[in-house]
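1. model this:
(chains A and B)
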Amino acid sequence: MNEARFFFCAGGRCRLADSVEHAKRARRSGRLWEYDFGMGSPHHSTSRPTEPPLSAGLRTTISFLLFLHLFALFVAVVSNARPVSALRRGLRRTPFVRQYLQLLNMDLGYNYQLTYATELDTDHFVEIELNWNGQTSPDADTLTLPDSSIRFPLRRNRYHNLTRTMAILMDEERMESELPAAIARGMLREHGIEAGRHRFRCRRHYLLTMADAGSVDPGDRDPFLPRRYGTAYEADIKVDGNDLILVKVAGAGETAPAADDRSTP
Amino acid sequence: MMEAVRHYFRELVHRFGAGWNAFWYTPADPYVLGAIRIATGATALVWLLSYTPDLTRFFGPSGLLPPDTVARLLGPDSTTWSYFRYFSSPAELLAMHALGVVVLLAFTLGWFTRVMAVASLIVVLSTVHRGPMLTGQAEPILSMVLFYLCLGPCGACLSVDAWWARHRASRDAPTLPVQAPRRLVSARVSIRLIQVHICVVYLMMGIAKVAEPSDTWWAGDAVWWLAAKPESRLVDLTPLLSRQIYLVNAWTHGITLFELAFPLLIWNRLARPLLLAVAVPMWCATALLTGLIVFSMMMLVATAAFVDFESLRDRRGPAGALRESVPEQAAAADA
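-> Here you go, the predicted model:
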């Protein structure tokens, strides 16, 4: 009965009467703050052609699919927010949910903070000092990614996403050398460098603080001062033809597991 | 007592069912989907074209992101798929990329929209999945809106398809008046999915900001840290903001408040225009501040799913009719 009434109303003429009645009721009750999920407006034209109502079977099928999709969205949101409870982790094991979410690029919690005001929020870039002999030289040939010629914001952001991912993966022991090795190999091949020892660095551009920006000293206000740059990751690279060996230099005399990358062109 | 409980649950189920039907199955004007299609298609087109100079550099055989590295980083459980996996030579990559550009252009113009919507989603997802390390906040919103546009009649208005259908109809029956596009259930489902999903996105963004451990959004200086990134920002606002701590605080808290309020208040008819009006300067300012152009644009586009185009058009109709009737009345009075 309710459904029949609903579809009659949605069909056209009754919609206007309903909205007017609804407004009268709201005025009588003094409730102006009413939610309107129907999105209908009393100003809608009543002469517009409208699709006939769906059959009950079709509605049930669509409702079932909607429920599955919204459940998958719910799982994505709750299972990607940290920390994760056992129940929330368990939800990810629902058959086909993870696959469905990954395929549609929806496997994320949408917890975009835009900034955490941490080191990871800084802009990162990659530097390869060619023919490294153990000492940094100001005259050394250096490859940089992204290079200064890339000014279009979408392109530049893409490079910063790549270098930022690399910085994030530095804490993952198993993964930390994977991306630097691939990037180093790509950069060196791009410049036709097939041999030699080089120094790979992931550099950070530290942000200007509000105090520095408000300083009376123009030097303090310069965001590009050398002291505003730091090294987040440093590694030695040895290239010999198609072989590339990358050894992370974590600190003085300290080395991390090496990524032995022997790929075929 | 038992009868009262039974009555309550019967009423609950009944009303929930009626509400669910009203929410999802009231036929809607597809005009808004047409507008969203154009904005999404144009944004996706710019996004895809921006890959062109770096295509071989990223995805080529000697590129920065070889497929095996991406596969190792994603792990063995990953179920992502990209057609770029089957093409690696620069010529093949460029050909597939050009095909993708053509597909997105056709989708934006609304040519064979149903097919092109699905093809556009495949193009965008393939590009994203080939190098997920290159993507940021924008791509999930872009693919989400594209997916929902595939489900609805996004080519029923403002499209080459619609123009061609009108042209054929007027040729076949020139005396019949041109009819406005029908209200459709599939349009409602598609619009609702965008609305619900974008509310989830806003809510999670708001919660993430108030629950974050570093407290920068609570401290009110987050906008400063966004503005202080010299490599990313589009406009350098630091000289202004460094002297206006209250402005930085207000802007930071305003963003958080807006994101938390949006999913609740957007459903209210009174608050909706206000929120939509605030969303425009907020996302434009975010784009200038952070350089996240595609993300800000897509958030605006998805937010536009709440704009009641039908109502706007119908309000314009009587007003237009009133304006048109004035000269007639004047002429009658003169007579």
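
2. what about A:Gly220, neighbour count?
-> Actually, residue A:220 is Asp. It isn't Gly. 14 (other Cβ atoms under 10 Å in any protein chain shown). To be clear about C-beta, it is placed using only N, CA and C from the backbone, and glycine gets the same treatment.

3. I'd say it and A:Asp212 touch.
-> Yes - with contact defined as Cβ atoms under 8 Å, A:Asp220 counts as touching A:Asp212 (4.7 Å).

4. Could you count how many residues lie near A:Gly230?
-> 12.

5. Show me what the helix or strand hosting it is packed against.
-> Using DSSP states H and E, A:Gly230 maps to strand A:229-240. Packing partners of strand A:229-240 (3 or more Cβ pairs under 8 Å, 6 or more residues apart in numbering or on different chains; DSSP states H and E): helix A:153-169, helix A:178-190, strand A:195-205, strand A:243-251.

6. between the last one and helix A:178-190, how big is the angle?
-> Orientation note: strand A:243-251 sits at an angle of 130 degrees relative to helix A:178-190 (axes from the mean of the first three to the mean of the last three Cα atoms, to 10 degrees).

7. what's next to the strand holding A:Gly230, contact-wise?
-> Here strand A:229-240 makes contact (Cβ atoms under 8 Å, 6 or more residues apart in numbering or on different chains) with A:119, A:124, A:128, A:132, A:166-167, A:170, A:176-177, A:180, A:184-185, A:188, A:193-206, A:244-250.

8. Please, a ChimeraX command that selects the buried ones among these?
-> Selecting only the buried entries of those in ChimeraX, with 16 or more other Cβ atoms under 10 Å in any protein chain shown as the criterion:
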select /A:124,128,132,166,167,170,176,177,180,184,185,188,193,198,199,200,201,202,203,204,205,244,245,246,247,248,249
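
9. Let me know how buried the residue nearest to B:Met133 when sequence neighbours are not counted is, in neighbour terms.
-> With sequence-adjacent residues excluded and distances taken as Cβ to Cβ, 6 or more residues apart in numbering or on different chains, B:Met133 is closest to A:Thr165, at 4.3 Å. Neighbourhood size, A:Thr165 [other Cβ under 10 Å]: 18.

10. repeat for A:Thr122
-> Neighbour number of A:Thr122 under other Cβ under 10 Å is 24.

11. ok now do it, which residues does it touch?
-> By Cβ under 8 Å, 6+ apart, A:Thr122 lies in contact with A:204-207, B:229.

12. For those, give me CSV that also has pLDDT and distance to B:Ala271.
-> What follows is those, written out as CSV (pLDDT from 0 to 100; distance: Cβ to Cβ, whole Å):
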residue, pLDDT, distance to B:Ala271
A:Arg204, 89, 42
A:His205, 88, 41
A:Tyr206, 88, 41
A:Leu207, 88, 36
B:Lys229, 88, 33
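
13. Pull the most distant pair out of those residues.
-> A:Arg204 and B:Lys229 (11.3 Å; Cβ to Cβ).

14. what packs against the helix or strand encompassing B:Ala302?
-> Here B:Ala302 sits within helix B:293-303, counting by DSSP H and E. For helix B:293-303, the contact count by 3+ Cβ pairs under 8 Å, 6+ apart identifies helix A:153-169, helix B:31-49, helix B:138-151, helix B:185-211, helix B:271-290 as packing neighbours.

15. contacting residues around it?
-> A:153-154, B:36, B:39-40, B:43, B:46-47, B:136-139, B:141-142, B:144-145, B:194, B:197-198, B:201, B:234, B:276, B:279-280, B:283-284, B:286-287, B:290.

16. tell me the mean pLDDT for that helix?
-> For helix B:293-303, mean pLDDT is 95.

17. Tell me what angle it forms with helix A:153-169.
-> 100 degrees.

18. Between helix B:31-49 and helix B:293-303, find me the angle.
-> Using the same axes, to 10 degrees, helix B:293-303 lies at 170 degrees relative to helix B:31-49.

19. is it true that A:Leu143 lies in a strand?
-> Yes - residue state for A:Leu143 (DSSP: H, G, I helix; E, B strand; the rest coil) corresponds to a strand.

20. Now it. Nearest residue, chain neighbours left out?
-> Among residues not flanking A:Leu143 along the chain, A:Ile128 sits closest, at 4.4 Å (Cβ to Cβ, 6+ apart).

21. Only the buried members of the contacts of helix B:293-303: can you turn that into a ChimeraX selection?
-> In ChimeraX syntax, the buried subset of the contacts of helix B:293-303 is picked out as below (16+ other Cβ under 10 Å):
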select /A:153,154 /B:36,39,40,43,47,136,137,138,139,141,142,144,145,194,197,198,201,276,279,283,286,287,290
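
22. give the contact list for the nearest residue to A:Met175 once chain neighbours are set aside.
-> Counting by Cβ to Cβ, 6+ apart, A:Leu169 is the residue found nearest to A:Met175 once chain neighbours are left out, at 4.6 Å. Under the criterion of Cβ under 8 Å, 6+ apart, the neighbours of A:Leu169 are A:175-176, A:178-179, B:73.

23. A:Phe71 is nearest to which of the helices and strands packed on helix B:293-303?
-> helix B:185-211 (12.5 Å).

24. helices or strands next to that closest one in the packing?
-> Helix B:185-211 packs on helix A:56-79, helix B:2-25, helix B:31-49, helix B:138-151, helix B:216-219, helix B:245-265, helix B:293-303, going by 3+ Cβ pairs under 8 Å, 6+ apart.

25. With distance to A:Asp107 added, can I get these in a markdown table?
-> Formatted as a markdown table, the helices and strands packed on helix B:185-211 follow (distance: least, Cβ to Cβ, whole Å):
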| stretch | distance to A:Asp107 |
| --- | --- |
| helix A:56-79 | 6 |
| helix B:2-25 | 25 |
| helix B:31-49 | 20 |
| helix B:138-151 | 9 |
| helix B:216-219 | 25 |
| helix B:245-265 | 21 |
| helix B:293-303 | 18 |
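
26. Compare these and give me the one nearest A:Asp141.
-> Nearest to A:Asp141, of the helices and strands packed on helix B:185-211 and by Cβ to Cβ, is helix B:31-49 at 32.4 Å.

27. anything in the closest one near chain A?
-> Yes - using Cβ under 8 Å from any Cβ of the partner chain, helix B:31-49 comes into contact with chain A via B:46-47.

28. Now that helix - C-alpha only, PDB.
-> Extracted C-alpha coordinates of helix B:31-49, given in PDB (Å, rounded to 0.1, in the frame of the first residue of the first chain):
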ATOM      1  CA  TYR B  31      20.700  16.800 -16.400                       C
ATOM      2  CA  VAL B  32      23.000  16.900 -13.400                       C
ATOM      3  CA  LEU B  33      24.700  13.700 -14.600                       C
ATOM      4  CA  GLY B  34      25.300  15.300 -18.000                       C
ATOM      5  CA  ALA B  35      26.900  18.300 -16.200                       C
ATOM      6  CA  ILE B  36      29.000  16.000 -14.000                       C
ATOM      7  CA  ARG B  37      30.000  13.900 -17.100                       C
ATOM      8  CA  ILE B  38      31.400  17.000 -18.900                       C
ATOM      9  CA  ALA B  39      33.300  18.200 -15.800                       C
ATOM     10  CA  THR B  40      34.600  14.800 -14.900                       C
ATOM     11  CA  GLY B  41      35.500  14.000 -18.500                       C
ATOM     12  CA  ALA B  42      37.400  17.300 -19.000                       C
ATOM     13  CA  THR B  43      39.300  16.800 -15.700                       C
ATOM     14  CA  ALA B  44      40.200  13.200 -16.600                       C
ATOM     15  CA  LEU B  45      41.300  14.300 -20.000                       C
ATOM     16  CA  VAL B  46      43.700  16.900 -18.600                       C
ATOM     17  CA  TRP B  47      44.800  14.400 -16.100                       C
ATOM     18  CA  LEU B  48      45.600  11.800 -18.800                       C
ATOM     19  CA  LEU B  49      47.200  14.300 -21.100                       C
END
